[in-house]
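A.B. asks: generate a structure from the sequence data that follows.
(4 chains)
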Number of protein chains: 2
Amino acid sequence: MKISTKGRYALRLMIDLASRPKNEKSSLKDIATRQNISDKYLEQIIAMLNKAGYVRSVRGAQGGYYLSKNPEDYTVGMILRLTEGSLSPVSCIDDDAQVCERSETCVTSIVYKKINDAINGVVDGITLQDLLNWQDEKNGNYVI
Amino acid sequence: MKISTKGRYALRLMIDLASRPKNEKSSLKDIATRQNISDKYLEQIIAMLNKAGYVRSVRGAQGGYYLSKNPEDYTVGMILRLTEGSLSPVSCIDDDAQVCERSETCVTSIVYKKINDAINGVVDGITLQDLLNWQDEKNGNYVI
DNA sequence: GGAAACTATACTATTTTAGTAGGATATATA
DNA sequence: TATATATCCTACTAAAATAGTATAGTTTCC
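C.D. replies: Coordinates of the predicted model:
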């Protein structure tokens, strides 16, 4: 029942980029250094975010990555779901799940659906901008 | 971010026992047959429930297991937490977690705490009796 | 031209998951 | 008291997931 490093690093990566001035490029190496994460591993993670269009990349020297949209346009749910896959506690309640032969009588699925809704309710209600605001609060820069 | 078979089977096992007449013993073999789960694997799972005092066991011929308390005294959270361990999405927010060096500035932990609270809110609010009621509803035996 | 940076694919060690296997111990019943 | 039927206990294992490494290639700025 754990979120893997893939999702957790992706979230930190996106917060890192969101903390930068708009459209400023960050090289992967710099992000990896700031976040203290292996750059070769981050490479795989940012590739997913890039393919999904969440970040833009510029190749070559002085290249790097930047957010394609504003921080308020990304929810935590978008980022975790992209990198982790479905956040549902069991695969049988996913939309693309094959029909389970126990579905007629199964009541545990009701529990799992409630858990799923609760998780999605949280992660879809938090944007990168919220995280930036919390970061400011932690640093003592209180926002109104 | 998935609940493993251990927790899922434990839940089905407890529902199975709760569906039986009070204090009636069920042999592991019978439970395994009814639930269509490997009995040798269920053995390991029910051993945890037994050690925790959630079920009582009677050894020898005609022995078996039964619930030590009433269905309304077991929450889904108790059962899942016992068999799965902590349901938190990251280990760093657990009570027994060692202090993380990023905790000063980390804002993702706020997200994870909210997810954790949401999950616990669901699983601690559902008892085995609720599941029995839902089962009756599914079977067309509507309860008032 | 060369260095910096992204892209792509393959490989690997470790851990977790989902069981199996085999025997020891206890007890109801014949 | 013999025996069948249970629980109890420990060890083992195949497969998958996790968390990265490694290597080679492509693009572009200077």
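A.B. asks: separation between A:Thr32 and DNA strand D?
C.D. replies: Not Thr; residue A:32 is Ala. 10 Å (C-beta to the nearest atom of the strand, to the nearest Å). In this view, the C-beta of every residue, glycine as well, is placed from N, C-alpha and C.
A.B. asks: likewise A:Met14?
C.D. replies: Taking C-beta to the nearest atom of the strand as the measure, A:Met14 falls 17 Å from DNA strand D.
A.B. asks: can you check A:Glu101 too?
C.D. replies: Here the criterion is C-beta to the nearest atom of the strand. By it, A:Glu101 lies 21 Å from DNA strand D.
A.B. asks: does whichever helix or strand A:Met78 is part of reach chain B?
C.D. replies: If you go by DSSP states H and E, A:Met78 is part of helix A:76-84. Yes. Using C-beta under 8 Å from any C-beta of the partner chain, we find that helix A:76-84 touches chain B at A:76, A:84.
A.B. asks: how about stretch A:15-33?
C.D. replies: Yes. For stretch A:15-33, a contact with chain B is found by C-beta under 8 Å from any C-beta, at A:Ile15.
A.B. asks: off-centre distance for that stretch?
C.D. replies: Offset of stretch A:15-33 from its chain centre (C-alpha atoms, centre = their mean, to the nearest Å): 15 Å.
A.B. asks: so what would you say the end-to-end distance of that stretch is?
C.D. replies: 14 Å (C-alpha to C-alpha, to the nearest Å).
A.B. asks: quick one: contacts for whatever residue of chain A ends up closest to DNA strand C?
C.D. replies: With C-beta to the nearest atom of the strand, the shortest gap between chain A and DNA strand C falls at A:Leu28, namely 3.3 Å. By C-beta atoms under 8 Å, 6 or more residues apart in numbering or on different chains, A:Leu28 lies in contact with A:39, A:42-43, A:46, A:64-65.
A.B. asks: which among these count as buried?
C.D. replies: A:42, A:46, A:64-65 (16 or more other C-beta atoms under 10 Å in any protein chain shown).
A.B. asks: closest one of those to A:Tyr9?
C.D. replies: A:Leu42 (6.4 Å; C-beta to C-beta).
A.B. asks: is it true that that closest one lies in a strand?
C.D. replies: No. Secondary structure of A:Leu42 (DSSP: H, G, I helix; E, B strand; the rest coil): helix, not part of a strand.
A.B. asks: how far away is it from A:Ala32?
C.D. replies: 5 Å (C-beta to C-beta, to the nearest Å).
A.B. asks: same question for A:Cys106.
C.D. replies: A:Cys106 is 44 Å from A:Ala32, by C-beta to C-beta.
A.B. asks: more crowded one of these two?
C.D. replies: Regarding A:Cys106 and A:Ala32, a neighbour count based on other C-beta atoms under 10 Å in any protein chain shown identifies A:Ala32 as having more, with 21 against 18.
A.B. asks: spit out the contact partners of the more buried one.
C.D. replies: A:38-39, A:42.
A.B. asks: element containing the residue of chain A positioned farthest from its centre?
C.D. replies: Distance from the centre of chain A peaks at A:Thr105, with 35.1 Å (C-alpha atoms, centre = their mean). Remark: A:Thr105 resides in no helix or strand, with elements defined by DSSP H and E.
A.B. asks: correct me if wrong: it contacts B:Asp136.
C.D. replies: No. A:Thr105 is beyond contact range of B:Asp136, at 11.1 Å (criterion: C-beta atoms under 8 Å).
A.B. asks: the helix or strand encompassing A:Ile45 near DNA strand D at all?
C.D. replies: Following DSSP H and E, one finds A:Ile45 within helix A:39-51. Yes. Helix A:39-51 comes into contact with DNA strand D (C-beta under 7 Å from any atom of the strand), by way of A:40-41, A:43-44.
A.B. asks: return the distance of that helix from the chain's centre.
C.D. replies: For helix A:39-51 - counting by C-alpha atoms, centre = their mean - the centre lies 12 Å from the chain centre.
A.B. asks: would you list every one of the helices in chain A?
C.D. replies: According to DSSP state H, chain A carries its helices in the segments A:5-18, A:28-35, A:39-51, A:76-84, A:108-123, A:128-138.
A.B. asks: and those helices: which comes nearest B:Gly121?
C.D. replies: Comparison of the helices of chain A against B:Gly121 by C-beta to C-beta identifies helix A:108-123 as nearest, at 6.6 Å.
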